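Novice: Generate coordinates for the sequence data below:
(one chain, ligands or ions: 1)
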Amino acid sequence: MEDNKDIWVFAEQRNGKIMNVAYEILGAARRLADKKGCKVYAALLGDGVERLSDSLIQHGADKVCIVDNPLLKNYTTSAYTDAIEAVIKNFKPEIFLYGATTIGRDLAPRVASRVHTGLTADCTGLDIDEDGLLLQIRPAFGGNLMATIKCPEKRPQMATVRPGVMEKLPADLARKGDVIRYNVDLDEKNIRTKILNIVREAKHTVNLEEAKIIVSGGRGLKEPEGFKLIEELANLLGGVVGASRAAVDSGWISSDHQVGQTGKTVRPELYIACGISGAIQHLAGMSGSRTIVAINKDPNAPIFKVADYGIVGDLYKVIPILIDEIKNAKDASSVS
Ligand SMILES: Cc1cc2nc3c(=O)[nH]c(=O)nc-3n(C[C@H](O)[C@H](O)[C@H](O)COP(=O)(O)OP(=O)(O)OC[C@H]3O[C@@H](n4cnc5c(N)ncnc54)[C@H](O)[C@@H]3O)c2cc1C
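Specialist: The predicted structure is shown next:
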C-alpha cells in the first residue's frame with residue numbers, strides 16, 4: 001500500500017472529445033494533489049486519441065497515460081475494465097477518480113471489484129484529511145444528510161464524481177507535462193459485447209450540465225402551459241429550460257429537465273428560477289451558478305437567500321415584461 005501514490009483521473013472521451021466532467025475532476029484532482037504534494041495523472045483510453053493529451057495537461061494533469069488500441073475505440077465494459085485494471089496494477093495510483101456518467105458508473109464498480117478496493121459513487125465533494133486520506137463526500141439517506149466516506153485499508157481509493165459539481169480549471173496553454181504510452185494486451189475474444197451499430201438517441205435531450213443560461217420553472221407555474229413562457233424566455237436568451245422536482249413530479253415537464261440533488265447539477269453563467277421556492281435539494285443542484293435571478297411572489301422564499309437579483313412578483317406578470325424588454329433591446333441593437 002505504501003507504493004501507491006498520485007491521483008489519477010479517468011479522462012473519459014467519446015468520439016474523440018473529452019467529456020466536460022473529466023476536466024472538472026482534473027481541476028479537483030489538481031487541488032487535492034497540491035494539498036497532498038503528489039502528481040495528477042490522466043488515464044486516456046481510445047483509438048488514435050493522443051492529440052487530446054495537450055488539453056488534459058493544460059487543464060491540470062502532470063502526466064497523461066495513453067492506452068491506445070483499436071479495441072478501445074468504442075466503450076465496452078470488458079475492454080475498458082481490462083485496460084484500467086492493467087494500468088492500476090502497473091502504476092499503483094493512490095486515488096483514482098471517474099466522472100459519474102453512464103460509462104463511469106458502469107466502469108468504476110467493475111474495476112473496484114477487479115482490484116479489490118472500495119468505491120464511493122456519485123460524490124459531490126472531495127477533500128484530503130490530515131492523514132492524507134481521501135474524504136469522499138456524498139448525499140446519504142435519501143439526501144437528508146451528507147456522508148463523508150474514507151477508504152483507509154485498500155488502494156486505490158476510488159470514487160465517481162457527479163458532473164457539474166467540481167470546477168474545471170481555465171486552460172493554461174503554457175503548462176507542460178509528460179505523455180506515457182502504455183500498451184495493454186487486449187484480446188478481442190475476451191470482449192463479451194460486440195458493437196454492431198451505434199444509434200444516436202433521436203429523443204430531444206437537454207444538455208443542462210453544459211448550458212450557459214438556464215431558465216427554470218417550479219410549482220409556482222401552477223400548470224404545464226407555464227413552461228411555454230419559460231421556454232420563450234430561455235430561447236430568447238439562447239438558454240435551455242430547467243425545472244424543480246415539484247414541476248417534474250406534477251408531470252408538467254420530463255425528468256431530464258430536473259435540477260437538484262436527484263436531478264442535474266448545473267453551473268451556468270446565468271440561472272433564472274421562476275416560481276421555485278429554493279428548497280435545499282434544489283439549491284444543491286444550482287447554487288454554483290455564476291449569477292442567480294429569482295422571480296417569486298413570496299418575499300420570504302429561501303431562493304432569495306442565494307439569488308444575486310430577486311424580483312418579488314407574479315411570474316406571469318414579470319416574465320412577459322422581461323421578454324418585451326429583451327426583444328426591444330435586440331431590435332434596438334439590430335437597427336444601430
Ligand atoms: C430526497 C429528496 C430529493 C429531492 N430532490 C430534488 C431535486 O433534485 N430538485 C428539486 O427541485 N427538488 C427536489 N426535492 C424536492 C424539494 O424538497 C422541493 O419539494 C421542491 O424543490 C419544491 O419545488 P418548487 O420550488 O417548484 O415548489 P414549491 O416549494 O411549492 O415552491 C413554489 C414557489 O412558487 C412561488 N409562486 C407561486 N405562485 C407564483 C407566481 N404566480 N409567481 C411567482 N412565484 C410564485 C411560491 O411562493 C413558492 O415559493 C427533493 C426532495 C427530497 C426529499
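
Novice: Please make it C-alpha for all contacts and neighbour counts, starting now.
Specialist: Fine.

Novice: Would you mind listing what in the stretch 201-336 of the chain touches the ligand?
Specialist: Taking CA under 6 Å from any ligand atom as the contact definition, the stretch 201-336 of the chain meets the ligand at 218-220, 244-247, 259-263, 275-279, 281-282, 295-298, 301, 313-315.

Novice: Secondary structure element for the nearest residue to F304 once chain neighbours are set aside, which one?
Specialist: Of all residues beyond its chain neighbours, the one nearest F304 is G310 (6.0 Å), with distances taken as CA to CA, 6 or more residues apart in numbering. Following DSSP states H and E, one finds G310 within strand 309-312.

Novice: just V318 next, same as before
Specialist: V318 belongs to helix 315-335 when assigned by DSSP H and E.

Novice: Which strands or helices does that helix pack on?
Specialist: On a contact count with 3 or more CA pairs under 8 Å, 6 or more residues apart in numbering; DSSP states H and E, helix 315-335 meets helix 226-237, strand 291-296.

Novice: can you pull the buried residues of it?
Specialist: L315, Y316, V318, I319, I323 (16 or more other CA atoms under 10 Å).

Novice: got a pLDDT number for the second one?
Specialist: This points to Y316. On pLDDT, Y316 comes in at 98.

Novice: circling back to that earlier point, to the chain's geometric centre, what's the distance from the helix holding V318?
Specialist: Centre-to-centre, helix 315-335 and its host chain are 32 Å apart (CA atoms, centre = their mean, to the nearest Å).

Novice: and it with strand 291-296, angle?
Specialist: Put simply, helix 315-335 runs at 140 degrees to strand 291-296, going by axes from the mean of the first three to the mean of the last three CA atoms, to 10 degrees.

Novice: any idea of the angle helix 315-335 forms with helix 226-237?
Specialist: Going by the same axes, to 10 degrees, helix 315-335 makes 20 degrees with helix 226-237.

Novice: Which residue would you name as the spatial centre of the chain?
Specialist: Centroid-nearest residue in the chain: P163, 1.0 Å away (criterion: CA atoms, centre = their mean).

Novice: so that residue sits right up against L208, yeah?
Specialist: No - the criterion here is CA atoms under 8 Å, and P163 misses it with L208 at 10.6 Å.

Novice: Which phi and psi values does A61 adopt?
Specialist: phi -80, psi 140 (degrees, to the nearest 10).

Novice: Need the three-state assignment for L135.
Specialist: Secondary structure assignment for L135 (DSSP: H, G, I helix; E, B strand; the rest coil): strand.

Novice: Which residue lies closest in space to it, excluding its sequence neighbours?
Specialist: Spatial nearest neighbour of L135, excluding adjacent residues (CA to CA, 6+ apart): D127 at 4.9 Å.

Novice: quick one: the strands in the stretch 151-300 of the chain?
Specialist: For the stretch 151-300 of the chain, strands defined by DSSP state E, counting those that start in this stretch occupy the ranges 157-161, 178-181, 213-217, 240-243, 270-274, 291-296.

Novice: Output those in CSV; the columns should cover distance to D82 and mean pLDDT.
Specialist: Listed next are the strands of the stretch 151-300 of the chain as CSV, based on distance: least, CA to CA, whole Å; pLDDT from 0 to 100:
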stretch, distance to D82, mean pLDDT
strand 157-161, 17, 97
strand 178-181, 16, 98
strand 213-217, 40, 98
strand 240-243, 38, 97
strand 270-274, 41, 98
strand 291-296, 43, 98
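
Novice: do you know which of the ones you listed lies nearest N74?
Specialist: strand 178-181 (18.9 Å; CA to CA).

Novice: For M19, give me the pLDDT.
Specialist: 95.

Novice: now do the one 3 residues further on
Specialist: pLDDT for A22: 97.

Novice: Now do the SS call for it.
Specialist: What three-state DSSP gives for A22 is helix.
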